[in-house]
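K.L.:
Generate a structure from the sequence data that follows.
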Amino acid sequence: MIEAYKKLDKDGSGEITIKDLKGVYNARNHPEVKSGKKTEDDVLYEFLDTFELHASLRGGRRDHVIELSEFFEYYNNVSANIDDDEYFKTMIVNAYKLYDTNPLYQDLAPFNRRG
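P.N.:
Numbering: from 1, shown residues only. Prediction:
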């Protein structure tokens, strides 16, 4: 989880902001951006809101700045619905393409799976 967080925290500030996301997440191909219903920034702010919602339910603030604790809170809730820890690990590795930056995850890359 820390590797995924660090990948999003492009500037290494310890917080994920829209500026960080613009360096790692391309919203141009989002269907609502393509149709003109939303801007790329709208989609990126919604992505940030996803993490803040869980923290705000426990009294946290919603400021479009994701701290590590908010990131962990979100994925703590996600993992509670997944029975298999290895599946959760594979999901995170693939969602954040951690196999691109850490050779230990190469066996979890989608192009290496057999099945």
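
K.L.:
Got the domain ranges for this protein?
P.N.:
As assigned by automatic domain parsing, the chain contains the domains 2-81, 82-115.

K.L.:
Tell me which of these sits most buried.
P.N.:
Ranked by mean neighbour count, the domains of the chain are led by domain 2-81 with a mean of 15 (mean count of other CB atoms under 10 Å). (C-beta placed from N, C-alpha, C; glycine too.)

K.L.:
What mean pLDDT does that domain get?
P.N.:
Averaged across domain 2-81, pLDDT comes to 89.

K.L.:
Can you give me the end-to-end span of that domain?
P.N.:
Taking CA to CA, to the nearest Å, domain 2-81 runs 20 Å from one end to the other.

K.L.:
For the protein, just list every one of the strands.
P.N.:
Assigned by DSSP state E, the strands in the chain fall at 15-16, 66-67.

K.L.:
Which helix in this protein has the most residues?
P.N.:
Across the chain, the helix with the greatest residue count (assigned by DSSP state H) is helix 40-56.

K.L.:
Might you quantify the distance of that one from its chain's geometric centre?
P.N.:
Using CA atoms, centre = their mean, to the nearest Å, the mean C-alpha position of helix 40-56 is found 10 Å from that of the whole chain.

K.L.:
Could I have the CA atoms of it written out in PDB?
P.N.:
What follows is helix 40-56, C-alpha atoms only, in PDB (Å, rounded to 0.1, in the frame of the first residue of the first chain):
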ATOM      1  CA  GLU A  40     -10.200  16.300 -16.600                       C
ATOM      2  CA  ASP A  41      -9.900  18.200 -13.300                       C
ATOM      3  CA  ASP A  42     -13.500  17.200 -12.400                       C
ATOM      4  CA  VAL A  43     -12.600  13.600 -12.800                       C
ATOM      5  CA  LEU A  44      -9.300  13.900 -10.800                       C
ATOM      6  CA  TYR A  45     -11.100  15.700  -8.000                       C
ATOM      7  CA  GLU A  46     -13.700  12.900  -7.900                       C
ATOM      8  CA  PHE A  47     -10.900  10.400  -7.600                       C
ATOM      9  CA  LEU A  48      -9.500  12.300  -4.700                       C
ATOM     10  CA  ASP A  49     -13.000  12.500  -3.100                       C
ATOM     11  CA  THR A  50     -13.200   8.700  -3.200                       C
ATOM     12  CA  PHE A  51     -10.400   8.500  -0.600                       C
ATOM     13  CA  GLU A  52     -11.700  11.400   1.500                       C
ATOM     14  CA  LEU A  53     -15.200  10.100   1.800                       C
ATOM     15  CA  HIS A  54     -14.200   7.200   4.100                       C
ATOM     16  CA  ALA A  55     -12.000   9.500   6.300                       C
ATOM     17  CA  SER A  56     -14.700  12.200   6.500                       C
END
